[in-house]
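Undergrad: Everything below, folded, please.
(one chain, ligands or ions: 1)
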Amino acid sequence: MTSIVILISGRGSNMEAIVRAAQNEAWPAQISAVISNRPDAAGLDFARSHGIPVASLDHRQFPNRAAFDAELVKLIDGYKPDLVVLAGFMRILTGEFVNHYEGRLLNIHPSLLPLFPGLATHEQALEAGVKEHGATVHFVTEALDHGPMVIQASVPVYPDDTADTLAHRVLKQEHIIYPRAVRWFIDNRISIDQNRVLISPPESQLLVSQDK
Ligand code: GAR
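TA: So this is what the prediction gives:
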């Protein structure tokens, strides 16, 4: 059984998509805990109601990033995870944290990386005038919003899009690609060659949606 710990900061819809896929597809995995840096994160209620252990660690109670991350590692490691999944976990992580989970730390970012790292990705996409936008699941490395990419989903950008309509279109794809990437990890189908992630047997690592 692969042990998975999911970190969230808010709504937790990606966490929800992963939990639902794990249940519907009877993954040989256990969601050992959902942990939030915000005690009031809405996603914690969903996890609780699905019988998943939840914990929160309020980053505001710590003097600095290093102290918070060190305590977070202790909390996570109590659940002996094989995989740590960042699902809307809105914290910049220290090198110590990232290195501790090297090769078993996944993140989802709402853009076609390496385009638009950081925050407000949908606004960035609209401002740049791109005709295609999307989301990326990637392994986390020390460089913010970089690291070997597992799967991407692209969506069209329409002339009348707002950041909200675009975010909604992208989020629908996030809920497809994140569970898929986690499933690949559980099934031992992922290998990393330099910056490239290979899936064996091969399967498309790009989803192209024509959603309106
Ligand atoms: C998602 O769109 C995710 O890609 C993004 O936050 C949202 C969380 O939604 N993550 C980042 O921007 C990370 N830099 P959720 O809580 O409903 O999953």
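Undergrad: hey, C-alpha coordinates of stretch 205-212 in CSV?
TA: Taking Å, rounded to 0.1, in the frame of the first residue of the first chain, the C-alpha atoms of stretch 205-212 are listed here in CSV:
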residue,chain,number,x,y,z
GLN,A,205,1.5,13.1,-21.0
LEU,A,206,-0.4,15.9,-22.7
LEU,A,207,-4.2,16.3,-22.6
VAL,A,208,-5.6,18.8,-25.1
SER,A,209,-9.1,20.0,-24.2
GLN,A,210,-11.3,21.9,-26.5
ASP,A,211,-13.7,22.9,-23.7
LYS,A,212,-15.6,26.1,-24.0
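Undergrad: Output the set of residues of the chain in proximity to the ligand.
TA: 8, 10-14, 87-88, 108-110, 135, 171, 174 (CB under 6 Å from any ligand atom). (Each C-beta comes from the backbone N, C-alpha and C, glycine too.)
Undergrad: at 5 Å instead, please
TA: By CB under 5 Å from any ligand atom, the residues of the chain that approach the ligand are 10, 11, 12, 13, 14, 88, 108, 110.
Undergrad: out of the residues you listed, who's nearest residue 192?
TA: Taking CB to CB as the measure, residue 192 sits nearest to residue 108 out of those, at 17.3 Å.
Undergrad: and the helix or strand hosting that closest one, what does it pack onto?
TA: Taking DSSP states H and E as the criterion, residue 108 maps to strand 105-109. Packing partners of strand 105-109 (3 or more CB pairs under 8 Å, 6 or more residues apart in numbering; DSSP states H and E): strand 83-86, strand 132-139, helix 163-186.
Undergrad: mind redoing it with 10 Å?
TA: strand 2-8, helix 13-24, strand 83-86, helix 95-100, strand 132-139, strand 149-156, helix 163-186 (3 or more CB pairs under 10 Å, 6 or more residues apart in numbering; DSSP states H and E).
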